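Colleague: Here's a sequence, model it:
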Amino acid sequence: MKWLWLLCGIGIYGGGLGGYLYVKYTQPVTNSAQEPLRSFGFVTLVLILFAASYSLRRRLLRALPGKVQSWLWMHIGLGTTTLLVALMHSDFAGITHAFLMQWSDLLRAYAGPGALLALFVLVLSGVLGKLLDMFYTGRIVREAGTNGVGIAPTVEERVQELTEAVERLCAGKSEAFKSFCRLALRGQRDAERTVAVAPVEHQDFQRVREILRKRASLLSSLRRMRHAERLMRRWRCVHVVLSLLAFAVILYHCSMQILVILHVI
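Modeller: Residues are numbered from 1 along each chain as shown. From the prediction side, this is the model:
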């Protein structure tokens, strides 16, 4: 499915680029308010709305057909294509000419350069987010494959089972035995340390130490997996915030340009 959306993105951009180059070399175009550059602006807006539909599919309209992963590839493919089409709409201003020399330049042409910059930051954050997802998802998979239990929820269940096993072995034991177990369960004592226990408790003490070692290993694995999940979740939150800010700037630019076209302002 990702190759399908990649081909769609290439097709959309290739067609647009062909039209852009043809017009560029056959008629003078001075600004993005003229055709065909203006049409590229409308195409950009439509692509943004299609790319944003991934968020609706993932969070609100889950009954829509198709897998979330397929919608994600659509989101990535159209998002990248949107930026490329937006560059044609701006006639590559800021890249080949009309460079931004000061912050106030972002507000010219009804925040056109600002909208383009916002779109660039948004697409960049999405690409980086996808790379982070791929990296940390691979780390979680490797962790789940080496801890002997599996994914994080299963590890949590296993840790709870081991905790209960230690508590059962503590029942009826000496105070030194119980104190060792309590501190070890809290992470305040290394399971490798030894304490003086009654001879009749030696066998259970060795069993407890083995269980605590396994439990500590699983907790370390669980922390690494949860850390990776937190990083991915936080980056998604950053991307969502950036998308809202970018959409606000882009919507303002589009609204003002439409009002200009309608001779309202």
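Colleague: Can you list the low-confidence ranges for the stretch 151-265 of the chain?
Modeller: 189-194 (pLDDT under 70).
Colleague: And the helix or strand where Thr44 lies, what's buried?
Modeller: Here Thr44, judged by DSSP states H and E, is contained in helix 37-59. Across helix 37-59, burial judged by 16 or more other C-beta atoms under 10 Å covers 37-41, 43-45, 47-48, 51, 53-54, 57. Just so you know, the C-beta spots here come from the backbone N, C-alpha and C atoms, and that holds for glycine as well.
Colleague: which other helices and strands contact that helix?
Modeller: Contacts defined by 3 or more C-beta pairs under 8 Å, 6 or more residues apart in numbering; DSSP states H and E place helix 37-59 against helix 2-26, helix 68-89, helix 202-261.
Colleague: Quickly compare these and say which is most buried.
Modeller: helix 68-89 (a mean of 21; mean count of other C-beta atoms under 10 Å).
Colleague: Next, the buried residues of the following helix or strand past it.
Modeller: Downstream of helix 68-89, the next assigned helix or strand under DSSP H and E is helix 108-146. For helix 108-146, burial by neighbour count (16+ other C-beta under 10 Å) applies to 109-119, 122-123, 125-126, 129-130, 132-133, 136, 140, 143-144.
Colleague: could you give the angle of helix 108-146 to helix 37-59?
Modeller: Orientation of helix 108-146 against helix 37-59 (axes from the mean of the first three to the mean of the last three C-alpha atoms, to 10 degrees) gives an angle of 30 degrees.
Colleague: For helix 108-146, what is the distance to the chain centroid?
Modeller: 6 Å (C-alpha atoms, centre = their mean, to the nearest Å).
Colleague: Kindly report the same for stretch 14-25.
Modeller: 34 Å.
Colleague: Distance check, Ser217 against Gly138.
Modeller: 21 Å (C-beta to C-beta, to the nearest Å).
Colleague: Then Leu218?
Modeller: 20 Å.
Colleague: Pretty sure Phe120 sits against Thr80.
Modeller: No. With contact defined as C-beta atoms under 8 Å, Phe120 and Thr80 do not form a contacting pair (10.9 Å).
Colleague: Please name the residues that touch Val150.
Modeller: Quick fix: residue 150 is Gly, not Val. For Gly150, the contact set (C-beta atoms under 8 Å, 6 or more residues apart in numbering) comprises Ala144.
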